[in-house]
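> here is my input; please provide its structure:
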Amino acid sequence: MSLPTPTLPTARLRLRPFTDDDADVLFALHSDAHVLRYWDAPPWSDPARAERFLAACLQMADEGTGARVAIDRVSDGVFVGWCSLTRWNPDYRSAALGYCLDDAAWGHGYATEAAHALLRWAFDTLDLNRVQAETDTRNLASARVLQKLGFVREGTLREDCVVDGVVSDSWVFGLLRREWRSPGD
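Numbering: from 1, shown residues only. Modelled structure (predicted):
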């Protein structure tokens with residue numbers, strides 16, 4: 001079962017399916033060691049990695065396992081990052097939220113705004129009951145984004161990742177449908 005990747009407008013952003021034209025901006029984002037300092041994979045060094053990422057986005061949509069969308073700023077059309085729902089399980093009505101934004105976009109509320117739009121789509125269209133997210137315990141900004149969205153920190157995965165050669169812990173956050181509040185609720 002396929003899962004069409006949505007196009008979602010917000011006040012300041014446009015979430016849209018990726019295209020082949022996004023390879024260069026994706027490579028720039030994922031090759032930045034500062035942006036990926038809490039990521040569980042090293043920065044990209046091979047530009048072909050962006051093409052594999054784009055192919056994986058299409059495969060995810062075709063297989064119906066999730067949706068990954070590019071985030072563009074409406075004011076100037078600039079790509080600022082991406083947001084995703086992966087590991088969609090229609091039987092359990094669950095999925096995992098993820099996002100990655102360029103450091104120039106940090107501190108403007110874009111991650112919260114984009115994730116909120118994707119969550120609204122997920123709860124309304126996919127009829128999810130639960131969304132889970134994980135973040136490195138050192139990534140306090142990401143934890144704040146999740147908390148603003150209504151996620152509850154449920155636990156710690158001890159020493160579950162090696163980030164840039166350092167063993168690190170991750171926090172697990174969960175958001176239940178009954179706890180979700182969309183504007184106007």
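> show me the strands in this protein, by range?
8-9, 13-17, 67-73, 79-89, 94-101, 130-136, 152-163, 166-176 (DSSP state E).
> I'd like these laid out as a markdown table, including mean neighbour count, distance to L119 and mean pLDDT.
Every C-beta, even on glycine, is put in place using the N, C-alpha and C of the backbone. Output for the strands of the chain, formatted as a markdown table (neighbours: other Cβ atoms under 10 Å; distance: least, Cβ to Cβ, whole Å; pLDDT from 0 to 100):
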| stretch | mean neighbour count | distance to L119 | mean pLDDT |
| --- | --- | --- | --- |
| strand 8-9 | 15 | 10 | 96 |
| strand 13-17 | 19 | 11 | 97 |
| strand 67-73 | 23 | 12 | 97 |
| strand 79-89 | 21 | 8 | 95 |
| strand 94-101 | 21 | 7 | 97 |
| strand 130-136 | 20 | 6 | 97 |
| strand 152-163 | 13 | 14 | 93 |
| strand 166-176 | 17 | 7 | 95 |
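> between those strands, which gets nearest to H30?
strand 94-101 (7.4 Å; Cβ to Cβ).
> convert the C-alpha atoms of stretch 128-136 to CSV, please.
The C-alpha coordinates for stretch 128-136 follow below in CSV (Å, rounded to 0.1, in the frame of the first residue of the first chain):
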residue,chain,number,x,y,z
LEU,A,128,-2.5,7.6,14.3
ASN,A,129,-2.9,6.8,18.0
ARG,A,130,0.8,7.2,18.9
VAL,A,131,3.9,9.1,17.6
GLN,A,132,7.3,8.4,19.0
ALA,A,133,10.5,10.5,18.7
GLU,A,134,14.0,10.1,20.0
THR,A,135,16.7,12.6,20.6
ASP,A,136,20.3,12.5,22.0
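> list the contacts of that stretch.
38, 40, 85, 92-98, 119, 122, 142-143, 146, 151, 157, 161, 163, 168-177 (Cβ atoms under 8 Å, 6 or more residues apart in numbering).
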